[in-house]
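Undergrad: Let's see this in three dimensions:
(2 chains)
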Amino acid sequence: MSLETLWFWLIGVLWSGYFVLEGFDFGVGMLLPVLPRSERERSMMFESIGPVWDGNEVWLVVAAGATFAAFPAWYATMFSGFYIALLLILVLLIVRVVSFEWREKRDAPRWRTIWMWANTIGSVGAPLLWGIALANLVHGVPLNSSHGFSGDFFDLFSAYTVIAGLAVVALFALHGATYLTVRTVGDFRERAAAIARRLSIPAAILGIGNVAWTVAVAHNRNSRGVLPTTIPAALTAIVLILAVGLTHTRRGGWAFTATALAAIGFVATIFTGLYPRVLVSNPTFANSLTISNAASGHYALKVITIVAAIFTPLLLLYQSWTYYVFRKRLGGEQVATPVAMVRSDSGGSASS
Amino acid sequence: MIEVASTTVDIARWQFATTSIYHFLFVPLTLGLAPLVAVMQTLWYRTHDDAWLRLTRFFGTLLLINFAIGVATGLVQEFQFGMNWSVYSNFVGGVFGAPLAIEGLAAFMLDATFLGLWIFGWNQMSARLHLAMIWIAALATWLSAYLILVANSWMQHPVGYKLVDGKAQLTSVGALLSNGFAIKAWLHVILAGLIFGSTVMLGVSCWQFLRGRNVELFRRAAKVALIVAVPATLIQLSVGNRFGEAVTSAQGMKIAASEAQWNTCQPCGFSLFQIGGFSAQHPNPTVSITIPKLLSWMATGSFNGKVQGLNQLQAQEQEKYGPGNYMPHVELMYWSMRVMAILGVVMFLIAAVGAWLYRKQKLERARWFLWTALVAIAFPYIAATAGWILTEMGRQPWIVQNLLKTSQAVSPSVSTATVATSLGVFVLLYATLGVVDFLLMRRYARLDPPQVGEGGGLGAAAGVAESAPAVGYGAG
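TA: Numbering: from 1, shown residues only, chains lettered A, B, ... in the order given. Prediction:
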C-alpha cells in the first residue's frame, strides 16, 4: 500500500474516531433540553461528558491537521470551498466549547439556561454541517482545472447531502442516548433508554436511506463498480437495525456499541465511495482531486507516518484509560448531592 | 497610519491578525499558569499544608476559564489557513502541515485529555497520580508551543525543504525541528508564558492584599510568583536579544524597519525614542534619543557590528526578486519594538522591587506597589501583542520569507464580501467572549479561595463554597 493510500484511510479513521467520540457528546448536548427534569440532572449530563469532550474534539483537530500535512491540495480546496459551512461550524463549536466551562461558573438560572442552549445549538448544528460537508466530498462540488473551488455556498446543498446531514444528527442523538444509558443509573437511565428507543427508528431509517444513497452516488461518480461501497453500507444498515432491536430489548452496552459502529459506518461508506479520489469535481468529473494529485511529497508522508505509528497507540491507550477512570455510573447516591458538587472544578463525584 | 482595508488580501490579513492576537492573549497564560498551578499542587502533596491546596484550586479555576477560550479560538487558527489562504496552504502544506499535524496528535491530544483528567479526577485517583495529570498537561502545552513555533518559524526562516512544481516539499525533518529560529522563538514564548503566569498571580495576590483578604494565604502565592517572575523577566531580556540576532541574519529588513534604520551603519546606536524619520523621504528624525553602539550589540552580538539599512536592503531585494516594495511598515515596527522592549524592562523592575519588598516583609503594606502590580497585569498582554505584530508584519510583503508573497496567497474562490462577513462574525463573537471571560476572571479572582473541609478535603470551588459540603480526598 502506498503512503498516499495509507493516509487516505488514516484520515478516514480520524474522522471515524471523531464521529464515534464527539458523536455521543454532541448527542448528549442535543438531549439537554428534553431529557433532564431538574437542574441537577442537567448538570449530571454535563458531567457525563465533561472529562472527555475536549479529548474527543481533538480528533477533529488531528483529522484537519493530517489532511493539511498529507494532502495540502485537498485541505486547501475543501476548506476554502466549504467556507461558509466551516465558518458556521467554527462559531457553533466555539460557543459550545465555552459553554462547558462557563455554564457552571454562576448559579443564576438564566445564565445556566443560556449556556445550555449554546451547547445544544452547537451540538445540533455542527454535526448537521459536518454530515453535509463529508457527503459533499463524494457528491462533488464544482472544481476548475487547477482543482480550485468554483462554486458557491449553495452548491453544498442537494437532497442527498441534506439527508446525510440529518442522518448524522439523528444518529448522534441516538448515540448520545445510548451513551447516557451506559453512564447513568436509576430513573434517569430509564428515561434515557426510553428516548433511545424512540430515536432508534427514525435514526435507522435516515441512516439506511443515507448509506444506500451514498452507494448510488458513489457508483455514478466512480468507475470501480459498486461492491466496495456496498459492503460498509450494508454493514451500517445491519448495525442500525441491530440498534433498533437492542434499544428495544434494553441491552444498553450493546446498543451503544451498535450506534458507535454506525457512526464509523457513515464515514467508511463515504470514504470507500471516494477512494482513490479525495474530493469529487461535479459536474466536470476530470477535475477531481485524487490521492495522487493532492498528496505531499514522499518524505513528508514518511515522517508523519512514523510519528503516527508512535503516538496513535499511545493516545488510544491514555484515552481508553480516561474512560476507565470515569467509568462510575452517575445518578446513584449522587441524587442527594447538591448541584454545586457536580461542577467540573469541584471534583465530580460525591464524598464516598 | 494604517490604510483602510479595501481588498480581499487586506481583509484576510485583518482577520488573521485579529484572531491570532486574540488567541495569543489566552495561550501564554496557559503556558505559564499550568506549571505554576502544578508547582503549588506539588507543594501541597509534599507538605500536606492545606494552604497550597486552596491556592491550587483558586488559580486552577482561573487557568480553566482561560484555557476554554484558548481551545475554542485555536480551532479557528487551524481552519483559517485553508479557508482564507488556500494558495498559501497548497504551497506550504508539504512542510508546514507536518508540525501542525504532529502538534494535534502528540501534544494537543495529551493536553486536552490530561487536563480533563485533572479537572474531574480529584476524587477518582490517588493524590500522586492526580498530581501527575497536571504536570503532563503542563508539559504538553510546552510541547504544543514548540511545534506551532516550528511551523511559524518556517515562514520566517524556511529550512529543510525543496521546491517541486512550485510547491514546498520537506527534505529534512531534522532541519525543520532544529531550526535555530524556532528554538529561540520557543524560549522567548515559554518565558513570556511564565511572565504572564507570574504577573497575573502576583497581580491577583496584590489585589487580595489591597482588599485586606486572605493575606497569609496570598503571601505564599506572591512568593511563588516572584520566585518565577524575577529570573523569567531577567532571562527574557537576554533571550529576546539573542532572538533579535536570529532575526537579523534571517530577516534583515525586519530589524532595519524596527529600528527605522534607513541606511547601513557601523557601529549603530539604539534609538530609545524618536519623532519623525519614518519615511524614505524624511529619514532623519527631528528629535531622537540614541544610545551609541547598543543596536550593533543587540543585532549582531558585537559592539562594532554592521546593520544593513532599509534603502540598501530594498535595492538588494529588488535585484533578487524583481521590482516592488520590500519594506514593512516602518513606524509600526519601530513602536512595536519599543513597546515590547520597554515593557520587558519595566516588568523586570516591578518583579525586582516586589522581591525586595517581600524580603523586607513590606509587600502587603506597600499600597503603591500593590496598585502597580495590579495594573501590571496588562503589561505582558500588551508586550506579547506588540511582539507578534513585529514578527508577522515585519515579514511583509512575504508570507513565507523570500518564497511567497502575502498578496499572492489568498483563496481565489473566496469573495471579498465573504471574507468581510467572516471578519465581522469573528470580531463580534470574540468581543463578546472577551467581555464575558474578563468578567468571569475578575469574579473568580476576587473570591476567597475555597475552604478546606474535614479530613483535608476541599469544598466545592470558590463561589458556592459556603453551600457545599467538604469533599473527602482519598489520600488527604
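Undergrad: Distance of the residue nearest to B:Val452 when sequence neighbours are not counted relative to B:Glu364?
TA: Excluding its sequence neighbours, the residue lying closest to B:Val452 (C-beta to C-beta, 6 or more residues apart in numbering or on different chains) is B:Asp50, at 4.1 Å. C-beta here means a position set from N, CA and C on the backbone, and glycine is covered the same way. Look at B:Asp50 and B:Glu364: by C-beta to C-beta, to the nearest Å, they are 21 Å apart.
Undergrad: Next, see if stretch A:83-91 gets close to chain B.
TA: Yes - Stretch A:83-91 is in contact with chain B by C-beta under 8 Å from any C-beta of the partner chain, via A:Tyr83, A:Ile84, A:Leu86, A:Leu87, A:Leu90, A:Val91.
Undergrad: which of the residues in that stretch are buried?
TA: A:Tyr83, A:Ile84, A:Ala85, A:Leu86, A:Leu87, A:Leu88, A:Ile89, A:Leu90, A:Val91 (16 or more other C-beta atoms under 10 Å in any protein chain shown).
Undergrad: Go through those and name the one nearest A:Phe149.
TA: A:Phe149 lies nearest to A:Tyr83 out of those, by C-beta to C-beta, at 8.4 Å.
Undergrad: how about the closest one, what does it touch?
TA: By C-beta atoms under 8 Å, 6 or more residues apart in numbering or on different chains, A:Tyr83 lies in contact with A:Phe153, B:Met83, B:Ser411, B:Ser413, B:Val414, B:Thr418, B:Ser422.
Undergrad: SS state for the fifth one?
TA: Right, the one you point to is B:Val414. For B:Val414, the assignment made with DSSP: H, G, I helix; E, B strand; the rest coil gives coil.
Undergrad: Relative to chain A, how far out is it?
TA: In this structure, B:Val414 and chain A are 6 Å apart, going by C-beta to the nearest C-beta, to the nearest Å.
Undergrad: now swap in the third one and tell me
TA: Distance check for B:Ser411 against chain A: by C-beta to the nearest C-beta, it reads 4 Å.
Undergrad: Quick check: phi and psi on that residue?
TA: Here is the backbone geometry of B:Ser411 (degrees, to the nearest 10): phi -70, psi 120.
Undergrad: Which one's more surrounded, B:Asp50 and B:Glu364?
TA: Set side by side, B:Asp50 and B:Glu364 show more neighbours around B:Glu364, with 21 against 17, by other C-beta atoms under 10 Å in any protein chain shown.
Undergrad: residue contacts, the more buried one?
TA: When contacts are counted by C-beta under 8 Å, 6+ apart, B:Glu364 touches B:Phe209, B:Val215, B:Arg219, B:Ala222, B:Leu370.
Undergrad: Hmm, B:Ser238 and B:His188 touching each other?
TA: No - counting by C-beta atoms under 8 Å, B:Ser238 is not a contact partner of B:His188; they are 10.5 Å apart.
Undergrad: Quick check: B:Gly324 is in a helix.
TA: No - checked against three-state DSSP, B:Gly324 lies outside a helix; its state is coil.
Undergrad: Give me the phi and psi for it.
TA: For B:Gly324, the backbone dihedrals are phi 150, psi 170 (criterion: degrees, to the nearest 10).
Undergrad: same deal with B:Ile136?
TA: Here the main-chain torsion angles of B:Ile136 (degrees, to the nearest 10) amount to phi -60, psi -40.
Undergrad: Go ahead and confirm it touches B:Ala107.
TA: No - contact criterion C-beta under 8 Å: B:Ile136 and B:Ala107 do not qualify, at 10.9 Å.
Undergrad: Just the buried residues of the strand or helix carrying A:Ile231, please?
TA: Assigned by DSSP states H and E, A:Ile231 falls within helix A:227-248. Residues of helix A:227-248 classed as buried by neighbour count (16+ other C-beta under 10 Å): A:228-230, A:232-233, A:235-237, A:239-244, A:246-247.
Undergrad: for chain A, what are the nearby residues on the stretch 151-300 of chain B?
TA: B:Val164, B:Lys167, B:Gln169, B:Leu170, B:Thr171, B:Val173.
Undergrad: who are the neighbours in contact with the nearest residue to the last one once chain neighbours are set aside?
TA: It stands for B:Val173. Once flanking residues are discounted, B:Val173 sits nearest to A:Val303: 4.7 Å by C-beta to C-beta, 6+ apart. The contact partners of A:Val303, taken as C-beta under 8 Å, 6+ apart, are B:Ala98, B:Leu170, B:Val173.
Undergrad: so A:Val303 is in which element?
TA: Here A:Val303, judged by DSSP H and E, is contained in helix A:298-325.
Undergrad: Quick check: B:Leu332 touching B:Met393?
TA: Yes - under the criterion of C-beta under 8 Å, B:Leu332 makes contact with B:Met393 at 6.3 Å.
Undergrad: Now secondary structure too, for the contacts of A:Val303, in a markdown table please.
TA: Formatted as a markdown table, the entries for those read as follows, by three-state DSSP:
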| residue | secondary structure |
| --- | --- |
| B:Ala98 | helix |
| B:Leu170 | strand |
| B:Val173 | helix |
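Undergrad: Would whichever helix in chain B runs longest count as contacting chain A?
TA: When chain B is parsed with DSSP state H, its longest helix is helix B:8-47. No - Helix B:8-47 lies out of reach of chain A by C-beta under 8 Å from any C-beta, never closer than 9.9 Å.
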